[in-house]
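> I'd like to go over a predicted model; first the sequence, then the structure.
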Amino acid sequence: MPDFVGAVDQGTTSTRFMIFNHNGLEVCKFQLEHEQILPRAGWVEHNPIEISTRTSAVIETALQRTGLHDTDLAAVGITNQRETTVVWNPRTGRPYCNAIVWQDTRSNKIAAQLERDGRGEVIRRKTGLRPDAYFSGGKIQWILENVDGVRQAAGRGEAVFGNTDTWTLWNLTGGARGGVHITDVTNASRTMLMDLETLEWDDELLSFFGIPREMLPEIRPSSEPPSYGSTTAYGPFGGEVPITGILGDQQAATVGQVCFSPGEAKNTYGTGNFMLLNTGTELVRSERGLLTTVAYKFAGQPAVFALEGSIAVTGSAVQWLRDQLHIIRTSAQSEDLARQVADNGGVYFVPAFSGLFAPYWRPDARGAIVGLSRYNRDAHLARATLEAICYQSRDVVEAMQQDSGVVLDVLKVDGGVTSNNLCMQLQSDILGVPVSRPVVAETTALGAAYAAGLAVGYWKDTDALRANWAEDRRWEPEWNDEQREKGYAGWKRAVSRTLDWET
């Protein structure tokens, strides 16, 4: 058995390749950002060719820097930004248009029409989702209706769909020279097209969006022996490595945080925040604005489900301070700037740039900064931005506890924002529970590696994965109950100011 397992992490702002050893520790990582294309208000796009090129580059660079070869890898896993939609010609490998990113709101009208005519209830019942521009189904429909020639090409078998897991897998396994067209159940569960009970594409749901079944990838488990397919000798690995794990990014972080028992939860802090609560093999349908989704399905085992609270803008709000307002030069400087003040000075920032996701689901909302006086300065806005990350997570925790009856004892956290120690302290203060960061904070890539390694016997079972988990740091609440509730009440008032903005 080779010594290592690799993972491609194709994220919203960057793509990285990581290599892990048997203890689940990082051996190396290389990462490259890709362009965020913003052609008009509410539209967010990526160039699929750039993503594919960057994927190859990060793999090649990581292998070169470590002196490793394809023969040193037992398997490779893929994790990805989930709902981001690519439609391409499988004969040429060329996309018909830019990828439509999960944050994009151009299909709001499609989602609204589904609700108006009663089909929304069918979508909720079958998929655990709600009609929203967030998910892939409406994005595919928009492409079929608005990009010249795509519907006709689909009828000829010359237009296929995939989230970026499928696009990445297809390219790594040969692309137009025989790439496999496959997704896993976690990504399929984010399309509004898969029935959670059958784990198959559903003809009634496909008819809602006018999507030909032939466009869709085959649905497989999240961990698949012997493999979905192997890399090719002319690809970035330079040889054949089995690709045996696929998980959407938030489900991958759930696996990476070893949340394998019902009641265990994790919160990932990236471009947005995503909290998942393991509900076991039981489908728990939310009544408070959460989503029901597939957490993972390992080969030969039943699917495990989760309640999810999806928040669109958290880490990207810090990027907004950097790239649009220019009050910081790097994202890391947000912590130093925010520490210059003792509190938010009465300022609340609700970063509803693309509307509000869970638990509100208000596409009409837009961002707002409220409570300003002449006393306030840039440091108050920086602190309010960090608090916004934490208050949005509290909104989700409140809904999750009401839906499931589970009261959190501790919140496991991961993702890039967890390196901001002030933000994590604020999260503990605002929730009133301890916050725990693992030694390996990049648990998204780790989860994909775990899924791949389980398939080939690199790790025996989930108990072996649990043994790898170790805490790096824990934050305990410092606010008293009065301070906590006063702050949260102010946040709720601020949220109310963002609603009914877009008509």
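Alright, I've got the coordinates.

> quick one, helices of the stretch 201-350 of the chain?
203-209, 249-256, 315-320, 333-338 (DSSP state H, counting those that start in this stretch).

> before we move on, what about the stretch 401-503 of the chain?
Counting by DSSP H, counting those that start in this stretch, the segments of the stretch 401-503 of the chain that form helices are 421-431, 443-455, 462-468, 481-496.

> who does the shortest one touch, helix- and strand-wise?
Spelled out, it's helix 462-468. Helix 462-468 is packed against helix 443-455, with contacts defined by 3 or more C-beta pairs under 8 Å, 6 or more residues apart in numbering; DSSP states H and E. Using the backbone N, CA and C atoms, a C-beta is placed for each residue, glycine as well.

> and the helix it packs on, how far out from the chain's middle?
In terms of C-alpha atoms, centre = their mean, to the nearest Å, the centre of helix 443-455 is found 15 Å from the chain centre.

> got it, and stretch 401-410?
For stretch 401-410, the distance between its averaged C-alpha position and the chain's averaged C-alpha position is 22 Å (C-alpha atoms, centre = their mean).

> and if you look at stretch 337-353?
Averaged C-alpha coordinates place stretch 337-353 at 25 Å from its chain's average position (C-alpha atoms, centre = their mean).

> what do you get for stretch 90-105?
Remark: stretch 90-105 is offset 18 Å from the chain centroid, using C-alpha atoms, centre = their mean.

> so which bits of it are buried?
By neighbour count on 16 or more other C-beta atoms under 10 Å, the buried set for stretch 90-105 is 93, 95-105.

> among those, name the ones in strands.
99-100 (DSSP state E).

> can you tell me which of the buried residues of stretch 90-105 is nearest Phe353?
For the buried residues of stretch 90-105, the closest approach to Phe353 (C-beta to C-beta) belongs to Gln103, at 7.9 Å.

> tell me who's in contact with the closest residue to the closest one other than its chain neighbours.
Leaving aside its chain neighbours, Gln103 sits nearest to Val44 (4.5 Å; criterion: C-beta to C-beta, 6 or more residues apart in numbering). Going by C-beta atoms under 8 Å, 6 or more residues apart in numbering, Val44 touches 36-38, 100-101, 103-104, 354.

> which SS class is the residue in the chain sticking out farthest from the centre?
The outermost residue of the chain, judged against the average C-alpha position, is Arg374 (38.2 Å), by C-alpha atoms, centre = their mean. Using DSSP: H, G, I helix; E, B strand; the rest coil, the secondary structure recorded for Arg374 is coil.

> any figure for the gap between Val150 and Gly179?
19 Å (C-beta to C-beta, to the nearest Å).

> what does Ser136 give?
When C-beta to C-beta is applied, the distance between Ser136 and Gly179 equals 19 Å.

> now do the strands in the stretch 301-450 of the chain.
304-311, 348-350, 368-370, 411-414, 435-438 (DSSP state E, counting those that start in this stretch).

> need the contact partners of the second one.
Contacts made with strand 348-350 from outside it, assessed by C-beta under 8 Å, 6+ apart, are listed as 317, 356, 365, 367-371, 381, 384-385, 387-388, 490-491, 493-495, 497-498.

> 7 Å - rerun?
By C-beta atoms under 7 Å, 6 or more residues apart in numbering, the list of residues contacting strand 348-350 from outside reads 367-371, 381, 384-385, 388, 490-491, 494-495, 498.

> what would those residues look like in JSON lines with pLDDT, neighbour count and distance to Arg116?
Output for those, formatted as JSON lines (pLDDT from 0 to 100; neighbours: other C-beta atoms under 10 Å; distance: C-beta to C-beta, whole Å):
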{"residue": "Gly367", "pLDDT": "95", "neighbour count": "18", "distance to Arg116": "27"}
{"residue": "Ala368", "pLDDT": "96", "neighbour count": "18", "distance to Arg116": "27"}
{"residue": "Ile369", "pLDDT": "97", "neighbour count": "18", "distance to Arg116": "33"}
{"residue": "Val370", "pLDDT": "97", "neighbour count": "17", "distance to Arg116": "32"}
{"residue": "Gly371", "pLDDT": "96", "neighbour count": "18", "distance to Arg116": "36"}
{"residue": "Leu381", "pLDDT": "97", "neighbour count": "22", "distance to Arg116": "38"}
{"residue": "Ala384", "pLDDT": "97", "neighbour count": "29", "distance to Arg116": "36"}
{"residue": "Thr385", "pLDDT": "97", "neighbour count": "27", "distance to Arg116": "36"}
{"residue": "Ala388", "pLDDT": "97", "neighbour count": "27", "distance to Arg116": "32"}
{"residue": "Gly490", "pLDDT": "97", "neighbour count": "18", "distance to Arg116": "35"}
{"residue": "Trp491", "pLDDT": "98", "neighbour count": "23", "distance to Arg116": "31"}
{"residue": "Ala494", "pLDDT": "97", "neighbour count": "20", "distance to Arg116": "30"}
{"residue": "Val495", "pLDDT": "97", "neighbour count": "22", "distance to Arg116": "25"}
{"residue": "Thr498", "pLDDT": "95", "neighbour count": "20", "distance to Arg116": "23"}
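
> redo these as JSON lines? Include distance to Arg54.
JSON lines is the format used below for the contacts of strand 348-350 (distance: C-beta to C-beta, whole Å):
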{"residue": "Gly367", "distance to Arg54": "29"}
{"residue": "Ala368", "distance to Arg54": "35"}
{"residue": "Ile369", "distance to Arg54": "34"}
{"residue": "Val370", "distance to Arg54": "38"}
{"residue": "Gly371", "distance to Arg54": "40"}
{"residue": "Leu381", "distance to Arg54": "32"}
{"residue": "Ala384", "distance to Arg54": "33"}
{"residue": "Thr385", "distance to Arg54": "28"}
{"residue": "Ala388", "distance to Arg54": "30"}
{"residue": "Gly490", "distance to Arg54": "41"}
{"residue": "Trp491", "distance to Arg54": "37"}
{"residue": "Ala494", "distance to Arg54": "37"}
{"residue": "Val495", "distance to Arg54": "36"}
{"residue": "Thr498", "distance to Arg54": "34"}
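
> what residues are up against the closest residue to Gly355 other than its chain neighbours?
Closest residue in space to Gly355, ignoring its immediate chain neighbours: Pro363 at 3.8 Å, by C-beta to C-beta, 6+ apart. Residues in contact with Pro363 (C-beta under 7 Å, 6+ apart) are 105, 108, 133, 355.

> what's the following helix or strand after the helix or strand that contains Arg125?
With the criterion set as DSSP states H and E, the secondary-structure element containing Arg125 is helix 119-127. Helices and strands here follow DSSP H and E; after helix 119-127, the next one along the chain is helix 136-146.

> what comes up buried for the next helix or strand after that next one?
Proceeding C-terminally, helix 136-146 gives way to helix 150-155 as the next helix or strand, assigned by DSSP H and E. Neighbour counts using 16+ other C-beta under 10 Å place 150-151, 153-154 of helix 150-155 among the buried residues.

> circling back to that earlier point, list just the nearest of the contacts of Pro363 to Gln301.
Of all those, Gln301 sits closest to Ala133, with 33.2 Å by C-beta to C-beta.

> can you give me the pLDDT of Thr191?
Among the per-residue scores, Thr191 holds a pLDDT of 97.

> what does Glu200 give?
Checking the pLDDT column for Glu200, the value is 97.
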